[in-house]
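> When you get a sec, could you give me coordinates for this:
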Amino acid sequence: MTIERVDMHRIDIVAALHKKELTVKGLSEEAGLAPSTLSNVFSRPWPKGERIIANALGMSPSDIWPCRYNSSAEVA
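The predicted model follows:
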C-alpha cells in the first residue's frame, strides 16, 4: 500500500507565514528578489524559492511540496 503525499495548499502556506508575521513579498525582498518573484513557487517547482519559504517556516521543502521531491532524496 502506498501513502499519497499531498502538497500543502498555497493558502495554508501563506497563512503559516502570516502567523509568523511574514509575507511572501517580504521574504522575496529579503532574499534580494523582486517583490513578486517568490510567488512563482506556487505555480512551478523552484528549489531556491521552496527553500526560502521552508526555512522561514522551520520546515523542509519536501514537507511542504512532497510531490516535487523524490521520497528517497531531496533536491539540493
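
> Show me the strands in this protein, by range?
For the chain, applying DSSP state E gives no strands.

> residue ranges with poor pLDDT in it?
1-3, 71-76 (pLDDT under 70).

> Skip the chain neighbours and tell me the closest residue to the most centrally placed residue in it.
The structure's the chain has its C-alpha centroid closest to residue 50; by CA atoms, centre = their mean the separation is 3.8 Å. Nearest residue to residue 50, sequence neighbours excluded (CB to CB, 6 or more residues apart in numbering): residue 61, at 3.9 Å. Backbone N, C-alpha and C define where each C-beta goes, glycine included.

> The one you found and residue 51 touch, don't they?
Yes - contact criterion CB atoms under 8 Å: residue 61 and residue 51 qualify, at 5.7 Å.

> Of those two, which one has the most company?
Set residue 61 next to residue 51 and count neighbours by other CB atoms under 10 Å: residue 61 wins out with 24 against 17.

> contacting residues for residue 46?
residue 40 (CB atoms under 8 Å, 6 or more residues apart in numbering).

> Quick check: phi and psi on it?
phi -160, psi 90 (degrees, to the nearest 10).

> Now do it against residue 21, distance only.
Residue 46 is 24 Å from residue 21, where distance means CB to CB, to the nearest Å.

> CA-only coordinates of stretch 33-43, as CSV, when you get a sec.
Taking Å, rounded to 0.1, in the frame of the first residue of the first chain, the C-alpha atoms of stretch 33-43 are listed here in CSV:
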residue,chain,number,x,y,z
LEU,A,33,14.4,39.3,-5.4
ALA,A,34,11.7,41.4,-7.0
PRO,A,35,8.6,41.6,-4.7
SER,A,36,6.5,39.1,-6.7
THR,A,37,9.3,36.7,-7.7
LEU,A,38,8.9,34.3,-4.8
SER,A,39,5.2,33.7,-5.6
ASN,A,40,6.4,31.7,-8.6
VAL,A,41,7.0,28.8,-6.2
PHE,A,42,3.2,28.3,-6.1
SER,A,43,2.9,27.6,-9.8
